[in-house]
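Asks: dropping the sequence and predicted coords here.
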Amino acid sequence: MVDAFQKFDFLFKIVLIGDGAVGKTNLTTRFCQNEFNSESKSTIGVEFATKQIEVDGKNLKAQIWDTAGEERYRSITAAYYRGAVGALLVYDVTRFSTFENLPKWLGELREQADSNIQIILVGNKSDLVDNRVVSKEEGEKFARANHLSFIETSAANATNVEKAFTSLLNEIYKKTA
Ligand code: GDP
């Protein structure tokens, strides 16, 4: 069992970025607390949650920062990205505009974050099969072209959420250790 007072070997700051309402908060709460909220609530400012996982017998503590994608919160970005070693770049497979905005988010990451930051592209809401407008192939193609890892998730039914975070943490660990 991992408890709040357990010692850790590595502390990794992870940020979630992407347009508003793509599911950043719910991915975080699903991973950290195994919870999902169907009520939409706007994330105000910045919050972070933590979770420890074990890799190669080492305890990795992830400090996961979640903020709203809204332009009006732009002023927090410098502090938000500072020290981050990993990012989940999230879009919503049911809203094409969130996919079209990915280059804008990547540009911001390149400007503000450390150049070594490890990024995983996450197509969220895969449970909404009837509303899907971005195919898995389009996501894969964008990821390949931009040298990102890629996964589709559902915070609602928990598909691949753990895998998205743990594979990112594994990649970071491999580069660090
Ligand atoms: P954020 O603004 O990016 O943090 O997005 P939220 O986590 O607040 O989610 C926005 C809305 O999408 C909420 O109504 C969530 O319940 C819903 N949502 C988030 N993830 C999923 C998902 O995987 N599937 C479905 N069906 N809805 C989701």
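Replies: Perfect, thanks for sending it.
Asks: for the residue in the chain positioned nearest to the ligand, grab phi and psi.
Replies: In the chain, the residue that lies nearest the ligand is Gly23 (3.0 Å; Cβ to the nearest ligand atom). The C-beta positions use only the backbone N, C-alpha and C, and glycine is treated the same way. In terms of degrees, to the nearest 10, the main-chain angles of Gly23 are phi 120, psi 20.
Asks: next one: Lys163
Replies: phi -60, psi -40.
Asks: which pLDDT value goes with it?
Replies: pLDDT, Lys163: 98.
Asks: got the contact list for it?
Replies: By Cβ atoms under 8 Å, 6 or more residues apart in numbering, the contact set of Lys163 is Ile151, Thr153.
Asks: run the last query once more with 10 Å
Replies: Applying Cβ atoms under 10 Å, 6 or more residues apart in numbering to Lys163 gives the contacts Phe31, Ile120, Ile151, Thr153.
Asks: so the worst-scoring helix or strand of the chain on mean pLDDT, near the ligand or not?
Replies: The least trusted helix or strand in the chain, going by mean pLDDT, DSSP states H and E, turns out to be helix 77-81, with a mean of 81. No. Using Cβ under 6 Å from any ligand atom, helix 77-81 stays clear of the ligand, coming no nearer than 13.7 Å.
Asks: in which helix or strand does Ala164 reside?
Replies: Secondary structure from DSSP states H and E places Ala164 in helix 161-176.
Asks: no wait, Leu121
Replies: Leu121 belongs to strand 118-124, assigned by DSSP H and E.
Asks: just to revisit the earlier point, and the angle for the helix holding Ala164 with strand 118-124?
Replies: In terms of direction (axes from the mean of the first three to the mean of the last three Cα atoms, to 10 degrees), helix 161-176 departs from strand 118-124 by 170 degrees.
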